[in-house]
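[1] when you get a sec, could you give me coordinates for this:
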Amino acid sequence: METRLGYTISSLNYPHDASNRLYSDLTIVPESAYERAQKEIEQLESGDRHDFQSLLGEKFPALDVPQTIMWRGDMVTFRRRSHVGFYVFTGDVHYKFGLDVHFLLTNAEVFESMMSYKCTPPSTIDPGPILARLPPEILERILSLSMPKGRWNAADVEDTKSDLLPLGNLSGFHFPLSSLPILKVSKSIHSRALPLVYRATEFQLEDMDTVIRLLMAIGSIERDNIESLEFSWQSRSDFQLWPPGSSKPPIAHGNYQSSM
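    Okay, the predicted model is just below:
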């Protein structure tokens, strides 16, 4: 294993990370340097070894220089460390509703996050001369008529590109919620219609892990507009420990008004 990695397993011994950081799939960074080395091997085998510094230029975080992304009170700070291996970045996320999450990330994950932020439209978008003349309540009515009730289930989340969508997507703009034509008309229509789409969508998820991933992948406006959310109270690890043949874990469902 050390021959393949090009460094010793003991060089991955960073005790502080194990106490408060997660990988992007929401698993806890282990205390064992050997278990971390196994995670490094997974990255090595993925073949993800591009020169992200040259691809993103000066926007890519330099060594020990924090790079911060902000969106309407939410914030994520990336910092590159001088550690060996693929997981050389920390990603510290602060949500305005009081949640702080700390990640250990690869070059590829930070690059994807920075590119996601770079492609995010401005917080205010000119809706265009025709739409601008319509009263908001009429525009909302028109948009509502163009979108049917939808359903988003666990399989849709699992089918997304990565376990955790780019942390730079704080606005939630790039989250692939639906293929509804109304969301593809223009960025301005997308911005106006998105809250309505979330209100009209029933979210059916497997477990708490998937719920957390969903709520982190979407933006604050989207979280504020989820009205129907169904999920099991158990985490994925709870399901793995559930005795064979026993009754299914309880399901929490109904209409919830988000307070986030």
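
[2] C-alpha only now, for contacts and for neighbours.
    Noted.

[3] where exactly do the helices run in the stretch 151-260 of the chain?
    Counting by DSSP state H, counting those that start in this stretch, the stretch 151-260 of the chain has these helices, from start to end: 154-158, 187-199, 208-217, 220-225, 236-241.

[4] and the ones you listed as JSON lines, adding mean pLDDT?
    JSON lines is the format used below for these (pLDDT from 0 to 100):
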{"stretch": "helix 154-158", "mean pLDDT": "55"}
{"stretch": "helix 187-199", "mean pLDDT": "81"}
{"stretch": "helix 208-217", "mean pLDDT": "82"}
{"stretch": "helix 220-225", "mean pLDDT": "85"}
{"stretch": "helix 236-241", "mean pLDDT": "54"}
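
[5] what's the closest of those helices to R79?
    Nearest of the helices of the stretch 151-260 of the chain to R79, taken as Cα to Cα: helix 208-217 at 19.7 Å.

[6] check which residues of that closest one are buried.
    Residues of helix 208-217 classed as buried: M208, D209, T210, V211, R213, L214, M216, A217 (neighbour count, 16 or more other Cα atoms under 10 Å).

[7] wait, isn't R199 in contact with E227?
    Yes. Look at R199 against E227 with Cα atoms under 8 Å: they come within range, at 5.5 Å.

[8] thinking again about what came up before, which one of the buried residues of helix 208-217 sits closest to W233?
    So of the buried residues of helix 208-217, ranked by how close each gets to W233 (Cα to Cα), first place is M208, at 6.0 Å.

[9] roughly how far does the closest one sit from F231?
    As judged by Cα to Cα, to the nearest Å, M208 and F231 stand 7 Å apart.

[10] M75 belongs to a strand, doesn't it?
    Yes. Under DSSP: H, G, I helix; E, B strand; the rest coil, M75 falls within a strand.

[11] roughly how far apart are it and L170?
    As judged by Cα to Cα, M75 and L170 stand 8 Å apart.

[12] so which of those two has more stuff around it?
    Using other Cα atoms under 10 Å as the criterion, M75 and L170 rank with L170 on top: 29 against 18.

[13] what pLDDT does D92 get?
    What the model reports for D92 is a pLDDT of 93.

[14] so it sits against F103, correct?
    Yes. D92 is within contact range of F103, at 6.2 Å (criterion: Cα under 8 Å).

[15] so which of the two has more stuff around it?
    F103 (24 against 18).

[16] tell me the secondary structure for the more buried one?
    Per three-state DSSP, F103 ends up strand.

[17] list the residues that contact it.
    Shown in contact with F103 (Cα atoms under 8 Å, 6 or more residues apart in numbering): R21, L22, Y23, S24, T90, G91, D92.

[18] try 10 Å
    F103 makes contact with 17, 20-29, 78, 87, 89-93, 167, according to Cα atoms under 10 Å, 6 or more residues apart in numbering.

[19] for it, give the beta-bridge partners.
    Beta-bridge pairing of F103 under DSSP bridges involves L22, G91.
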